[in-house]
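[1] Quick one, structure for this:
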Amino acid sequence: MVGPAPFQDSDTAPFLQGVIGGAKPDYAAAWFNLGNVLAMRDEHAKAVEHYRQALAFDPSHIDALNNLGAALNELGDNDEAASCYQRVLALQPANAAAHNNFGRVLAQRDELDAAIGHFREAIALQPHAIDAHINLGNVLLEQGDAPAAHHSYERALALDPAHESAHWNDGLALLVQGYLAEGFQRWRYNVAAAKRFDAPEWRGEDLNGATILIHAEQGFGDAIHFARYIPLVASRGGRVIFEAPVELHRVFATIEGVDEIVAFGDPLPEFSWQCPLLSLPLAFETTLRNAPDNVPYLTADDESVDFWQRRMAGPQLKVGLVWAGRPEHKRDRHRSMALAELAPLAAIPNVAFYALQKGAAVGEAEHAPPGMRLEILSPLLGDFADTAAAIMALDLVISVDTSVAHLAGALGKPVWILHAHAPDWRWLEKRSDSPWYPTAELFRQDASRRWAPLVAEGVAELRALATSDQMKMNGIA
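    Sure, this is the predicted structure:
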């Protein structure tokens, strides 16, 4: 959130440049307003230079300080951004915009209690500040207080009933509490993905032979999770085209009811209806009572599974590990862990571990915790069909909240999913099971937000499982 800017039309840029380059090079307001123009163009580094120059001529320029903080925040320099807001509040303690902006930076630094204090102060000073209500809701949701977050979003929506971000975030707050019908209504409010096509969005009508395009969105995990709805779409009597990432094509070809799979950017055949994949729960009026949980709805190639079974032959319990997701994910610092944090698993006898991990984090497996028998599989995992075959040869998958966890669940394989204190909405609150994946067991961080207690819980359960499995193989149990 930036402060007021008298000149925000980019057409004013030449005039402002003329002012600071000629008649009034020390005119702080001109430097400030040109900084605003540059910020509007997403040229934040240049905007920072102009705000700094404005402050050089007028160190108490409140709006320049506020906007400098916003530009630094856009560049990822949260510490200096925080310093800017502290300077504003030292000069003007009742500056609502600075409280709101400082709260955002504190939230990004995981200083959640302090962030809440500043958001509440911003709201007290400016009750109609929609952004502050939404920001407060976001932090409350991150703290695991979904009811309080819902209240904040409702206050934002009372101020602007059409505010898309408030609808989206309130949807997440409702969904994580298990209010699926209401949550999907809010979450899918005016979804941008639906605007890609002119065809009407499908809301569950009988298709009567018509062709429908289902288009995936967001990440691999979301695509796998909601692909379960494709057979239900096909049952409405139409021809189903599924647009999905190419990495998923081979495994998605095993879904019942898919007539054609196309990649993003490929030419599309004609269709009469379209629906974003993540809007299918809304189309089918999904609740906790009727959430489709029939697994497996994905399968692996038999020959590939046989290859992995022969490669993994041996008496040990076979466990696949995934400890990190994509670093680009906005919540990755919460959901991912280091392989070293799984070191207590190495002390369990009769277990062989297999790294299903891909990406940069695979490098950690080259220096696995002492005593851990860990084989790196990533060189042989070209796409999700390869990973699916490897999973089917395992006894268990242990994963943080990534696409591999979804894949194991969709294959009907036992999977233990390790969750941050405030998990993604689909895992709901305080449950150790999942309404989406019957073979999943959920392990959750406590309020300490540390992985160690959660791993210790998993170690105890895995030790019991490995002992029981070994006893069965030896004919004792």
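[2] Which parts of the stretch 351-477 of the chain are helices?
    Using DSSP state H, counting those that start in this stretch, the helices of the stretch 351-477 of the chain run over 384-392, 403-410, 452-473.
[3] Same check on the stretch 151-300 of the chain?
    Counting by DSSP H, counting those that start in this stretch, the helices of the stretch 151-300 of the chain are 164-176, 180-187, 220-226, 230-234, 249-252, 280-283.
[4] I figured Gly183 hits Trp425, correct?
    Yes: Gly183 lies in contact with Trp425 (C-beta atoms under 8 Å); the separation is 7.4 Å. Where C-beta positions appear, they are placed from N, C-alpha and C, glycine not excepted.
[5] got any residues that touch both of these two?
    Leu172, Leu175 (C-beta atoms under 8 Å, 6 or more residues apart in numbering).
[6] between those two, who's got more neighbours?
    Higher neighbour count among Gly183 and Trp425: Gly183, with 23 against 20, using other C-beta atoms under 10 Å.
[7] which of the helices of the stretch 351-477 of the chain sits most buried?
    Counting by mean count of other C-beta atoms under 10 Å, helix 403-410 has the highest mean neighbour count of the helices of the stretch 351-477 of the chain, with a mean of 28.
[8] Val362 versus Phe102, what's the distance?
    Noted for Phe102: a distance of 38 Å to Val362, by C-beta to C-beta, to the nearest Å.
[9] Could you dump the helices of the stretch 151-300 of the chain into CSV and include mean pLDDT?
    Supplementary listing: the helices of the stretch 151-300 of the chain in CSV, determined by pLDDT from 0 to 100:
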stretch, mean pLDDT
helix 164-176, 96
helix 180-187, 94
helix 220-226, 97
helix 230-234, 97
helix 249-252, 98
helix 280-283, 95
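[10] For Ser272, which of those is the nearest?
    Closest to Ser272 of the helices of the stretch 151-300 of the chain is helix 230-234 (C-beta to C-beta; 13.1 Å).
[11] which other helices and strands contact the closest one?
    strand 211-215, strand 239-243 (3 or more C-beta pairs under 8 Å, 6 or more residues apart in numbering; DSSP states H and E).
[12] I'd like those written out as a markdown table, with distance to His44 and mean pLDDT added.
    Output for these, formatted as a markdown table (distance: least, C-beta to C-beta, whole Å; pLDDT from 0 to 100):
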| stretch | distance to His44 | mean pLDDT |
| --- | --- | --- |
| strand 211-215 | 32 | 97 |
| strand 239-243 | 34 | 97 |
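[13] how about those in CSV, adding mean neighbour count?
    Output for those, formatted as CSV (neighbours: other C-beta atoms under 10 Å):
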stretch, mean neighbour count
strand 211-215, 22
strand 239-243, 21
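[14] I figured Ser60 was touching Leu91, is that so?
    Yes: here Ser60 reaches Leu91: they are 6.0 Å apart, a contact under C-beta under 8 Å.
[15] Kindly tell me how buried the nearest residue to Ala234 once chain neighbours are set aside is, as a neighbour count.
    Sequence neighbours aside, Gly257 is the residue nearest to Ala234 in space, at 2.8 Å (criterion: C-beta to C-beta, 6 or more residues apart in numbering). Residues contacting Gly257 under the criterion other C-beta under 10 Å number 17.
[16] Next up, the contacts around Gly257.
    Gly257 neighbours (C-beta under 8 Å, 6+ apart): Ile230, Pro231, Val233, Ala234, Ser235, Val240.
[17] Could you do Leu175 as well?
    By C-beta under 8 Å, 6+ apart, the contact set of Leu175 is Gly183, Phe184, Trp187, Trp425, Arg426.
[18] before we move on, what about Pro435?
    So Pro435 contacts Leu288, Ala291, Asp293, Leu428 (C-beta under 8 Å, 6+ apart).
[19] what do you get for Leu55?
    With the criterion set at C-beta under 8 Å, 6+ apart, Leu55 makes contact with Ala28, His61, Ala64, Leu65, Leu68.
[20] and the last one, helix, strand or coil?
    Reducing the assignment to helix, strand or coil with DSSP: H, G, I helix; E, B strand; the rest coil, the entry for Leu68 is helix.
[21] gap between the nearest residue to it once chain neighbours are set aside and His118?
    Distances taken as C-beta to C-beta, 6+ apart place Tyr51 nearest to Leu68, at 3.9 Å, with adjacent residues excluded. Going from Tyr51 to His118 by C-beta to C-beta gives 21 Å.
[22] Please say which of these two ends up with more neighbours.
    Shown here are Tyr51 and His118; by other C-beta under 10 Å, Tyr51 has more neighbours (30 against 27).
[23] is it true that the more buried one touches Ala64?
    Yes: shown here, Tyr51 and Ala64 form a contact pair, counting by C-beta under 8 Å, at 4.9 Å.
[24] Now do the closest residue to Val176 other than its chain neighbours against Leu321, distance only.
    Residue nearest to Val176 in three dimensions, not counting chain neighbours: Trp425, with 4.2 Å by C-beta to C-beta, 6+ apart. Trp425 sits 25 Å away from Leu321, taking C-beta to C-beta as the criterion.
[25] Distance-wise, check Gly409 relative to Asp401.
    11 Å.
[26] ugh, wrong one, I meant His151
    Distance of His151 to Asp401, computed by C-beta to C-beta: 26 Å.
[27] Between these two, point out the one with more neighbours.
    Counted by other C-beta under 10 Å, His151 and Asp401 do not tie: Asp401 has more neighbours, with 24 against 16.
[28] for the residue nearest to Leu68, what are its contacts?
    Trp31, Phe32, Gly35, Ala64, Leu65, Asn67, Leu68, Ala71.
[29] Repeat that for Ala107.
    So Ala107 contacts Ala115, Asn135, Asn138, Val139, Glu142 (C-beta under 8 Å, 6+ apart).
[30] I'd like the distance between Asn36 and Glu43.
    11 Å.
[31] for Glu182, that is, sorry about that
    41 Å.
[32] next one: Pro379
    42 Å.
[33] of the two, who's got more company?
    Glu43 (15 against 8).
[34] Out of the helices and strands in this structure, which is least certain?
    helix 13-18 (a mean of 46; mean pLDDT, DSSP states H and E).
[35] just checking, Val105 touches Asn78?
    Yes: at 5.0 Å, Val105 and Asn78 qualify as touching, with contact defined as C-beta under 8 Å.
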